[in-house]
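Novice: My questions concern the predicted model and sequence given below.
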Amino acid sequence: MNAIYEVQGLVIDLYTPTVSVRAVDGAGFHVAPGETLAIVGESGSGKTVMTLGPLGLLPEGVAVDLRGTARADGKDILAMTPADLSRLRGGFFGVIFQDPMSALNPMLKIGPQLARQAQVYAGLSAEAAKREAVSLLARSGIPDPEDRYDRYPHELSGGMLQRAMIALALAARPRVLIADEPTTALDATVQAQILALIRQIQKEDGIAVILITHDIGAVSVLADRVAVLYAGQVAEEGSAMDVLTAPVHPYTRGLLASVPDFRSETASGTKEIPGIPPNQAQLVPGCRFADRCDQVQPQCHRRRPRLQTVGTGALPHRVACPVVIAAEGIVTHD
Amino acid sequence: MKNWPWAILAPATIFVLIGIFSPWLMTHNPAAQDYAALLEGPSWSHWLGTDYLGRDMFSRIIGGARTSLVAMVFVLVAALAIGVVIGSFAGYVGGKTELVLISMIDIALALPSLVIALALMGVFSGANFDWMSDYWKMIVALTLAWWANYARMSRAVVVAELQQPYIEAARVMGASHIWIFTRHILPHVLGLVVVYASADAGALVLAIATLSFLGLGVAPPTPEWGQMLVDGMSYIEENTALVIIPGLALTAVVVSFNLLGEAFALQKVPRAVRGRFLARKKAARAAEETARNEVEA
Amino acid sequence: MTDAITAKGLKVHFQTAAGLVRAVDGVDLSVQRGAFHGIVGESGCGKTTLARALIGLQTATEGQVSIFGRDRADWAKADRKGFARAVQFIFQDPLGSMSRRQTVGQTLEEPLQIHGLGDRTARRARVQELLDLVALPATVLDRLPRSLSGGQRQRVAIARALALSPQLLICDEPLSALDVSVRAQIVNLFARLQAQLGLTIVIVAHDLAIVREVCSAVTVMYLGRVAEEGAAKPLFADPAHPYSQALLSAVPSPDPRTEATRARILLQGDPPSPRNPPPGCRFSTRCPVVEPQCRAAEPVLRGVAHGGAAACHLAGASVHAMI
């Protein structure tokens, strides 16, 4: 596996004076160049902390205890100095956030912000960086890029800003693009455009893309592989086809059943998962999904389920639910 | 407030208690003059000595606490009432009324409170105001000098809260303006303003002392620290205690209220999340983890 | 039987420093009693402004709104409390719509107190009834809103809106702030409450798949006007207006097999601003099948194949433009 960004056995505890939260509880993932990995989960699943945490992008004013291994391009990033990590964040990783206004400096024009990234991290000259910035704006689907180069962020609409942020992320020629809920704040038609743009960029540049989202539609458009997170643990992971069309874990099944598909012939109602999201402040033995699961067995409260490999596809399909595996006679290959 | 060290609340509390219980704490009548014991040092009968008229310093200090406390409470309550009403009204009603009121508030804020108070005391010295004692003149002057800040704060809180969606939600439920103001907005206003006032109290005590120092406040023989300071200055070569004792008392009270105000303000700043804090939390979490591992084993 | 809501020629214009914003620019709407009516569209289409104008949180610049046969403005002026007992509103941000200093119990009791309904005991009982209606445990009564999950907060907001037993509930994007699986819970709750209490519900939403699933009727808005309206399932099955077609096409399926093979319509650019709508049909600047007549005259709503109406020159009753 030639993973360009991989994380294993990650445990992240976040501490504030009033509350202690285990955001990530022994989870991991990996992504290879040219591949799109979708990390799916809801509030409290730990998907953002797991992906951005090893890069040092954690909430302010919170004490962090991070354990596990994380490698980028083979190098151990947890052992890096803050300065090296900062360079890595700038040049190796590009990050797109949900809110484009927070990524762009409102006091500076857009073009120079992109050009500076290209200069510092891609080592371009000032002249070349400026040309690169304009071409990135054009590539991101912004019309009239020379004009937009000299505009301020507040002069652009939401969709355009999102594209400008993508252009900014690409300016440093990253090898991994991390998109944290890139479509949640956007209209449907703009969402479709942005997703198409990300896919195009990936095909052209061969970069690895990590899509952090709870929007199953976006996942089915973009992802090659999917990892489903619940309460800081990986419930299921595999190819997008396997996980979205033949899910095994009860949470994945419940999640997909609650998302209607108006193009499908079979009834795709909004079946809900009972109960409330997990309380991350507590360490609970056994499976975290147990108290909402319709397949729950006594062992679920005692033994923490391990990921087991099922199926025979090219990409391994792993599931952390021995109950369903046993009940449906699914063959495991561990 | 439960987590605060005692040291923060104690001085201000002690001052208030002394002020309230002063008649019982005094050893002598603070106005009683004893020509046989002038400018004496500390002794068993006069714990802090006597002043130039033979009056017991200890009792005068205690008495001064009460004078200051009473005046301070009157001024604060009146200034709060006026300020909150004007400020809230301005914020809630908006429009031209708000503009007019804001202008009034801004003018009042443009000048330092003490200067306004002095000017007012000058006005009150005219013949029309002879029916007011100097004490009450001082209280009225200080109130008029002090309300503007509370008005500004009240208006700011009202304006900010009115923008919140839950106010709209209350209107949709059929709530009247009075209901919304008293139930939702006023608590926020009072919450902010009362906290500020408690820190402001120290500055007010100092202002009262300053006015008395300048001869514009309390009339003798009522003990008042500022008054005692100015009296003591003439005798500074013979007995510096006459100046030092009221000066220390003033300093102590102002500092104690400042500490109180700072403590309130600092509550908003997140505490340090390094060092021992992290170690403690990690240890707690490790213990929880071991417990969980045992169950899962 | 009169409609629950009838709006005629509704306009809401804002005068801003940057010019006149025509948020709602001539909308005719009718919502039937007992309907679950969805209003969909993208940013700038005016759907939120429309919802707020219907209940009076926004004053209309022009036009008239009738609720249960009575003119809304007159009703609210004459009997504000009575109106509040008939029509209620759910806000987009459940946390912001509740006072952060009040417990859930106090929040739920407040509408009862405002309207003087019953004494303490009666109010407590009613609060418990409300909790049962929205399936919340009694333990939430003493908690503050910020300690609840998004789904729980929204349930509290719904319970509060139902406290006065309204007949009409208008909801502004009640699902947007919620997680995917929680949306299903809340939407099912709405459906259940509607069946149980005979409510008429108007819901502004941008999750088209859910709207299709639960709504009986749909209004599609574009730039301050109605582009298309009709019964939900028929409209979604065969949208007549090119914008509706594009909008539906933009919604991805959760099934990658469908995604890989379906035809997609990708519109160019962003929606124009409600400050200066284009002349003629507002969608003409982005419409893939635009014709000269579209830029000349603004289309009106006409009957179309699925039984509803669409405002498009190319959408005849029997055949319509396909992108």
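Specialist: Happy to help now that I have it.

Novice: What about residue A:289, how many residues nearby?
Specialist: Neighbours of residue A:289 under the rule other Cβ atoms under 10 Å in any protein chain shown: 24. Just so you know, the C-beta spots here come from the backbone N, C-alpha and C atoms, and that holds for glycine as well.

Novice: closest point of the stretch 51-200 of chain B to chain A, which residue?
Specialist: Closest to chain A within the stretch 51-200 of chain B is residue B:165: 18.6 Å, counting by Cβ to the nearest Cβ.

Novice: Wasn't residue A:234 part of a strand?
Specialist: Yes - remark: residue A:234 belongs to a strand, assigned using DSSP: H, G, I helix; E, B strand; the rest coil.

Novice: measure it to residue A:210 for me?
Specialist: Applying Cβ to Cβ, to the nearest Å, the value for residue A:234 to residue A:210 is 14 Å.

Novice: likewise residue A:236?
Specialist: In terms of Cβ to Cβ, residue A:236 sits 17 Å off from residue A:210.

Novice: Neighbour count for these two, which is higher?
Specialist: The residue with more neighbours, out of residue A:236 and residue A:210, is residue A:236; 27 against 24, by other Cβ under 10 Å.

Novice: hang on, isn't that one packed against residue A:250?
Specialist: No - between residue A:236 and residue A:250 there is no contact under Cβ atoms under 8 Å: 9.7 Å.

Novice: Between those two, which contacts overlap?
Specialist: residue A:321 (Cβ atoms under 8 Å, 6 or more residues apart in numbering or on different chains).

Novice: circling back to that earlier point, can I assume the residue of the stretch 51-200 of chain B closest to chain A is in contact with residue C:99?
Specialist: No - under the criterion of Cβ under 8 Å, residue B:165 is not in contact with residue C:99, lying 10.2 Å apart.

Novice: Looking at these two, which is more packed in?
Specialist: Neighbour comparison, residue B:165 and residue C:99: the larger count goes to residue C:99, with 23 against 15 (by other Cβ under 10 Å).

Novice: Is it correct that that one is in contact with residue B:184?
Specialist: Yes - in this structure, residue C:99 is within contact of residue B:184 by Cβ under 8 Å, at 5.7 Å.

Novice: what do those two both touch?
Specialist: Joint contacts of residue C:99 and residue B:184 (Cβ under 8 Å, 6+ apart) are residue B:166.

Novice: Give me the longest helix you can find in chain A.
Specialist: Secondary structure of chain A per DSSP state H: the longest helix is helix A:188-205.

Novice: Please, where are all the helices along chain A?
Specialist: Going by DSSP H, chain A shows helices at A:47-52, A:82-91, A:110-122, A:126-139, A:145-149, A:158-171, A:188-205, A:216-222, A:240-245, A:250-257, A:322-327.

Novice: Centre-most residue in the chain?
Specialist: Defaulting to chain A. residue A:212 (2.4 Å; Cα atoms, centre = their mean).

Novice: Chain B was what I was after
Specialist: With distances taken as Cα atoms, centre = their mean, the residue of chain B nearest its centroid is residue B:201 (1.0 Å).

Novice: How about the residues of the stretch 201-334 of chain A by chain C?
Specialist: A:214-221, A:223, A:240-241, A:244-245, A:254-256, A:258-264, A:268-273, A:276-277 (Cβ under 8 Å from any Cβ of the partner chain).

Novice: Low-confidence stretches in chain A?
Specialist: Counting by pLDDT under 70, chain A shows low-confidence ranges at A:1, A:267-268.

Novice: avg pLDDT for stretch C:170-182?
Specialist: Taken as a whole, stretch C:170-182 has a mean pLDDT of 89.

Novice: start to end distance for it?
Specialist: 20 Å (Cα to Cα, to the nearest Å).

Novice: How about stretch C:109-119?
Specialist: Between the opening and closing residues of stretch C:109-119 there is a gap of 11 Å (Cα to Cα).

Novice: And it, what's buried?
Specialist: C:109, C:110, C:111, C:112, C:113, C:114, C:115, C:117 (16 or more other Cβ atoms under 10 Å in any protein chain shown).

Novice: Am I right that the last one is in a strand?
Specialist: In other words, residue C:117. No - applying three-state DSSP, one finds residue C:117 to be coil, outside a strand.

Novice: and it, what does it touch?
Specialist: Listed by Cβ under 8 Å, 6+ apart, the contact set of residue C:117 reads C:123, C:126, C:164.

Novice: Having no further points to raise, I will conclude here.
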